[in-house]
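what follows is a predicted protein model with its sequence.
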Amino acid sequence: MAPRRSNGAGAFPKSVESPAPDHNRPAELYAALDLGTNSCRMLIARPTGSQFTVVDSFSKTVQLGHGLENSGRISRASIFRTIQALKICKRKLQRHQVRNMRLVATEACRRAMNSRDFMGQVTRETGLRLEIIKPEEEARLAVISCAPLVEPETEQLLVVDIGGGSTELVWIDLSDVPAEERARSIMRLSLGQHSHVGAGPQARVVDWISVPLGVATLRDQFADVEDDA
């Protein structure tokens, strides 16, 4: 499969900065679930100032994309493993009474011919509704997750996200952003050369690309190659 690239950097989606929290109300719990080609991961956390406190987490290797490279379908064994993992996630969400959540699926579900049937089965058996996100949204989320790592002196940033079924690379220009605002500016990316009116200097996506190659897909493609070490 050919790499997927935006029609210019302007095709990269814009994030919407969340409103300031109301400190008079107790912070609610938030959950994020990422169903990838190789792993199922979930984090439940409570906002604490500008940071967050982890309340619960889950990570399981489900190998959802095992055999997908050859068959084009998610196998029954992979579906079974994944649904068992998602049932655990569902119980954790119920136990903590989480109301704010985002549950996403990535490359394996984008590519599989039976992904719609799989998603329906997930909903029937777990009650969870997963969102299959596009490569550009996956890239945007990868960039946002790196915001706390951005140093004030950083002017050019290259984010590389190697997953089980795809790899995203995003080039960010921070040179027009004041040093003390560079980490925060990652959270409110502008579209290409365009800035928000009155928002001040913005982080700019120079270019990005999504390649349908990851740890799991490469393992499937070269499973017959012996270790030369």
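Good, I have the coordinates.

where in this structure is pLDDT low?
1-26, 190-200, 223-229 (pLDDT under 70).

which residue ranges of it form strands?
Taking DSSP state E to define them, one finds strands in the chain at 4-5, 30-35, 39-48, 51-61, 100-105, 131-132, 156-162, 167-173, 204-211.

for the third one, packing partners?
Spelled out, that is strand 39-48. If contacts are counted by 3 or more Cβ pairs under 8 Å, 6 or more residues apart in numbering; DSSP states H and E, strand 39-48 sits against strand 30-35, strand 51-61, helix 76-95. In short, each C-beta sits where N, CA and C put it, glycine included.

of the ones you listed, which stretch is the most buried?
Using mean count of other Cβ atoms under 10 Å, the stretch among the helices and strands packed on strand 39-48 with the largest mean neighbour count is strand 30-35, at a mean of 20.

which elements pack onto that one?
For strand 30-35, the packing partners by 3+ Cβ pairs under 8 Å, 6+ apart are strand 39-48, helix 76-95, strand 100-105.

now distance to residue 189 too, for those, in JSON lines please.
JSON lines is the format used below for the helices and strands packed on strand 30-35 (distance: least, Cβ to Cβ, whole Å):
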{"stretch": "strand 39-48", "distance to residue 189": "21"}
{"stretch": "helix 76-95", "distance to residue 189": "29"}
{"stretch": "strand 100-105", "distance to residue 189": "18"}
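
and stretch 74-84, how far from the chain's centre?
In terms of Cα atoms, centre = their mean, to the nearest Å, the centre of stretch 74-84 is found 21 Å from the chain centre.

and stretch 142-152, by the same measure?
14 Å.

make JSON lines out of the helices and strands packed on strand 39-48 and add distance to residue 156.
Formatted as JSON lines, the helices and strands packed on strand 39-48 follow (distance: least, Cβ to Cβ, whole Å):
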{"stretch": "strand 30-35", "distance to residue 156": "27"}
{"stretch": "strand 51-61", "distance to residue 156": "26"}
{"stretch": "helix 76-95", "distance to residue 156": "37"}
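
between those, which one is closest to residue 159.
strand 30-35 (16.0 Å; Cβ to Cβ).

partners of that closest one, with directions?
Take DSSP bridges as the rule and strand 30-35 pairs in its sheet with strand 39-48 (antiparallel), strand 100-105 (parallel).

got the contact list for the residue nearest to the spatial centre of the chain?
Within the chain, the residue whose C-alpha comes closest to the C-alpha centroid is residue 138; the distance, by Cα atoms, centre = their mean, is 4.5 Å. Neighbouring residues of residue 138 by Cβ atoms under 8 Å, 6 or more residues apart in numbering: 104, 106, 107, 161, 163, 166, 168, 210.

change it to 7 Å
Counting by Cβ atoms under 7 Å, 6 or more residues apart in numbering, residue 138 touches 106, 168.

the one 10 residues further on too?
With contacts defined as Cβ under 7 Å, 6+ apart, the neighbours of residue 148 are residue 183.

check the spacing between it and residue 50 real quick.
Residue 148 is 9 Å from residue 50, where distance means Cβ to Cβ, to the nearest Å.

how many other residues sit next to the spatially closest residue to residue 182 that is not a sequence neighbour?
Residue nearest to residue 182 in three dimensions, not counting chain neighbours: residue 174, with 4.8 Å by Cβ to Cβ, 6 or more residues apart in numbering. Neighbours of residue 174 under the rule other Cβ atoms under 10 Å: 23.

hang on, residue 100 packs against residue 27?
No - between residue 100 and residue 27 there is no contact, the gap being 10.3 Å when judged by Cβ atoms under 7 Å.

with that, I have no additional questions.
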